[in-house]
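got a predicted structure here, sequence first:
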Amino acid sequence: MEIKFDSEIQENEIREKLKNFNLGEVEIKKSENATYILRFKDIDQNAHEEIVKNLNPKEELRFDSIGPVIGKELKNKAALAIIISLVLMIIYMAIAFRQISYIFTSWSYGFITIITLIFDIIVVLGVFAYLGRYHQVEVGLPFIAAILAVIGYSINDRIIIFDRIRENLMKSSREEFSNIIGESLRQTYIRSLNTGMGTLLVITPIIILGGETIKFFVLTLVLGIVLGTYSSIFLAAPLLLELKKLFR
């Protein structure tokens, strides 16, 4: 529940007004302009109306209720959305790199992309698992949207590097594959770093200046961009080289 008062009030005053509603552990976060975000256990509509009446805010900005059924549905749909996006990425990469499939199948580029993407996603999920366990940070649809945005951003980074490898392979097909990967990384890593830094300079201030509702959405993007840039340079291309060794 996000509510706005005419003026700022103490958290203890809010807790005092809520103590008779049996809401379990109530989390109160102050936002800007006398606005407060309250989190507590699932309640019905009657209890919701009574709470609003008792708190008597100037305005109720939003009220979201997620029960166990909705929570499970959200989790399943989020997993399905991520899986579909990964499968489509594999297909796209396989089609895009079919011209250099003489070294190994073009599907390999897609699978390596997905492996490194899974690394990015797992680390982001790990960070939010920690924040949820020790700082009561919750995830919802904005978090899933941020994860999908991170996947798209990371794919873009992989394609930049893999595309340069493809160009160099087509120019120097007899060159050692390790030399081609090294040269391709030297030609593209500055571009990847500049792209990542440019994006971070735009969105990082939102974490500091933005409201409570968007802060963790932006934090997900920041983590994803940093990890995506790292894994594109230090994981994707080296894994491609290791895969080449398996085809000897």
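Good, I have the coordinates. Numbering: from 1, shown residues only.

for Glu27, which non-adjacent residue is closest in space?
Nearest in space to Glu27, with sequence neighbours left out and distances taken as CB to CB, 6 or more residues apart in numbering, is Arg39 at 4.2 Å. Glycine gets a C-beta too; all of them are placed from N, C-alpha and C.

the one you found reaches Val26, doesn't it?
Yes - the pair Arg39 and Val26 qualifies as a contact (CB atoms under 8 Å) at a distance of 7.2 Å.

just the element for the closest residue in space to Ser178 that isn't next to it in sequence, please.
Spatially, and ignoring its direct neighbours in sequence, Ser178 is nearest to Leu241 (5.7 Å; CB to CB, 6+ apart). Leu241 belongs to helix 237-246 when assigned by DSSP states H and E.

just Ile28 next, same as before
With DSSP H and E as criterion, Ile28 is part of strand 27-30.

can I see the domain layout of this structure?
2-62, 68-246 (automatic domain parsing).

and the end-to-end length of the first one?
With CA to CA, to the nearest Å applied, domain 2-62 spans 5 Å between its terminal residues.

now it, how far from the centre of its chain.
29 Å (CA atoms, centre = their mean, to the nearest Å).

same check on the longest one?
A distance of 10 Å separates the centroid of the chain from that of domain 68-246, by CA atoms, centre = their mean.

counting neighbours, what do you get for Arg158?
Residues near Arg158, counting by other CB atoms under 10 Å, number 26.

confidence score at the closest residue to it other than its chain neighbours?
Leaving aside its sequence neighbours, Arg158 sits nearest to Thr113 (CB to CB, 6+ apart; 4.9 Å). Here, the pLDDT recorded for Thr113 equals 88.

which element is Thr113 on?
Counting by DSSP H and E, the element that carries Thr113 is helix 107-135.

ok, then the element right after that helix?
helix 141-171.

can you name the farthest residue from the center of this protein?
When distances are taken from the C-alpha mean of the chain, Arg174 lies farthest, 40.1 Å away, according to CA atoms, centre = their mean.

wait, is that residue part of a helix?
No - counting by DSSP: H, G, I helix; E, B strand; the rest coil, Arg174 is not part of a helix but coil.

for Asn168, see how far away it is.
Distance, Arg174 to Asn168, by CB to CB, to the nearest Å: 12 Å.

still on that earlier bit, if we look at the strand holding Ile28, which residues are touching it?
Identification of contacts with strand 27-30 by CB atoms under 8 Å, 6 or more residues apart in numbering yields Glu8, Glu11, Ile14, Arg15, Tyr36, Ile37, Leu38, Arg39, Phe40, Gln136, Glu212.

the fourth one - nearest residue in space that isn't next to it in sequence?
Put plainly, it is Arg15. Nearest to Arg15 is Val26, by CB to CB, 6+ apart, at 6.4 Å.
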